Every structure is written in structure tokens, then in C-alpha cells.
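Student: the following comprises the amino acid sequence and a computationally predicted model.
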Amino acid sequence: MHKENQVAKFQRVHDLIEDGIIGKKTADTMATVWGLTYTQLAHFLGQCAHESLNFTRSVENTSYSAERLLQVFRKYFTPEAAELYEHKPRLTARFVYADRMGNGGIDTIDGWLYRGHGVIMLTGKYNYIDFANHVKDIDVIQAPELLRGKYYFDAGLYFFEKNKIFDIANDFEISTINAITKRINGGYNGIADRKKKTMYYKELLGL
């Protein structure tokens, strides 16, 4: 199935040139439609570009080599266990996301069903229930794949609002980017790329 370019979809909906690239005019429209300042938008786009591989990914890939499992989920795997879970995406998601964020145990499919979706990789059953209430669409709970298309950007905006990230996105100090990154993933994973992408959008917006 062809995966729709969500930036191009936004452009089409708002009568922009449909090239799938976030240029100045598209960014201006995003700021207006979403009610964001340019500074808030630069942080949003920079962080989301990192999370979504420049807006090309809409669902978390949990198929990893044993070596990569030990890097990404080192808290959950021993070297021996990593070998058993290598390139088993469903089992990996069910294991690492079991019994947290509202998910059931490893014997349920919750970890797989509620793995990351959307531009920000929204994760965990509690978040999907809350998001469903936020957009007033209960179907989201049983069909998280709606965040791959219909609610792609909405999921990111919801996450930033819920975690009060827009409240601290007021400047481009390194400490601010660090604080935003920590609110997103609990640490500083990919911090160099996040800073680079945020500053790219800062320049694009003429800040």
C-alpha cells in the first residue's frame, strides 16, 4: 500500500504547492493553522523531524538486531535475551512495553498495538485513550493506525500540549532544547540531531 506523504497532504488541504517539503510558506501556514508562534513551531518541527525521520515514518519499527536491541532497550535486555528477540518486532514490542503506560502484560497484544504511531511516536494505551478523548474519536483506541494518516500531526500537537512543551519553547538556548528533548523521551537520545533540526527550522522561519 502506498504511504501518503503527510506534509503533502497538509499542503493539499490548505491549497499549497504539494511538494511534500516544509518550506517557508508551508511553515507559515502551519503556524497559523496550529496557533503556534514561530519559535514554538521551530521546536515542534525540529523534534518531530527527528522522531519521524524527516516526516517519512509514521509507526515505530521494533525489528532490531541483537546489537541494536542492547542500545535502544538496554534496560530490558541481556545479551542472551537480545539474541532471542532479534528481528522479532511483535514480540519485542509486547515485551518492552508490557505492564506500563496502561498496557497489559506480555501475553496481550497491547505492547504491539500501542507502540509508537504518528509524527511524535505516541506510545502506550493510556496515551491512546487520552488522545481519543482529545480528538473525540473513540475509534483511535481500537485502531491506533489512524495516527499514521488522519491524526499524524495531531498526535504530535497533542503530545506537546499535554506535556506543556509549548510552554517552555520560548527561545533557542541549548538548555531549552535539552529540556524539551527530556520531556519527549525522558533523556537526551539523539540530542545532536534534534538540535540541528531545530536550528534548521529556526533559520527557515527567519528567527
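Tutor: Perfect, I can see it now.
Student: can we go C-alpha only for contacts and neighbour counts from here?
Tutor: Noted.
Student: which residue is the nearest non-sequential neighbour of H50?
Tutor: R194 (5.9 Å; C-alpha to C-alpha, 6 or more residues apart in numbering).
Student: and the most centrally placed residue in the chain, how far is that from I141?
Tutor: Computing the C-alpha centroid of the chain and ranking residues by C-alpha atoms, centre = their mean puts I120 first, at 1.2 Å. Distance, I120 to I141, using C-alpha to C-alpha, to the nearest Å: 17 Å.
Student: cool, and T78?
Tutor: T78 is 32 Å from I141, by C-alpha to C-alpha.
Student: so the two - more neighbours on which side?
Tutor: Taking other C-alpha atoms under 10 Å, T78 and I141 do not tie; I141 has more neighbours (20 against 13).
Student: secondary structure element holding A93?
Tutor: Taking DSSP states H and E as the definition, A93 sits inside helix 89-96.
Student: so what touches the helix or strand just after that helix?
Tutor: Using DSSP H and E, the helix or strand that follows helix 89-96 in sequence is helix 110-113. Contacts to helix 110-113, defined as C-alpha atoms under 8 Å, 6 or more residues apart in numbering, come from residues 90-91, 93-98, 103-104, 124-125, 144.
Student: got it, and stretch 14-25?
Tutor: By C-alpha under 8 Å, 6+ apart, stretch 14-25 touches N5, Q6, V7, A8, K9, Q11, R12, T26, T29, L204, L205.
Student: could I get those residues as JSON lines with pLDDT?
Tutor: Listed next are the contacts of stretch 14-25 as JSON lines, based on pLDDT from 0 to 100:
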{"residue": "N5", "pLDDT": "93"}
{"residue": "Q6", "pLDDT": "96"}
{"residue": "V7", "pLDDT": "97"}
{"residue": "A8", "pLDDT": "97"}
{"residue": "K9", "pLDDT": "96"}
{"residue": "Q11", "pLDDT": "97"}
{"residue": "R12", "pLDDT": "97"}
{"residue": "T26", "pLDDT": "98"}
{"residue": "T29", "pLDDT": "98"}
{"residue": "L204", "pLDDT": "98"}
{"residue": "L205", "pLDDT": "97"}
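Student: my read is that M121 contacts E51, right?
Tutor: Yes - look at M121 against E51 with C-alpha atoms under 8 Å: they come within range, at 6.9 Å.
Student: number of residues surrounding the residue nearest to F73 when sequence neighbours are not counted?
Tutor: Closest residue to F73 apart from its sequence neighbours, by C-alpha to C-alpha, 6+ apart: V96 at 7.6 Å. V96 has 19 neighbours, counted by other C-alpha under 10 Å.
Student: which residues touch V96?
Tutor: Counted by C-alpha under 8 Å, 6+ apart, V96 has contacts F73, Y76, G111.
Student: kindly report the same for D107.
Tutor: Contacts of D107 by C-alpha under 8 Å, 6+ apart are R94.
Student: any idea how far it is from S52?
Tutor: Applying C-alpha to C-alpha to D107 and S52 gives a distance of 29 Å.
Student: now G186
Tutor: 17 Å.
Student: what's the answer for G35, then?
Tutor: 22 Å.
Student: could you do M199 as well?
Tutor: For M199 relative to S52 (C-alpha to C-alpha), the value is 17 Å.
Student: with P79 instead?
Tutor: Counting by C-alpha to C-alpha, the gap from P79 to S52 is 28 Å.
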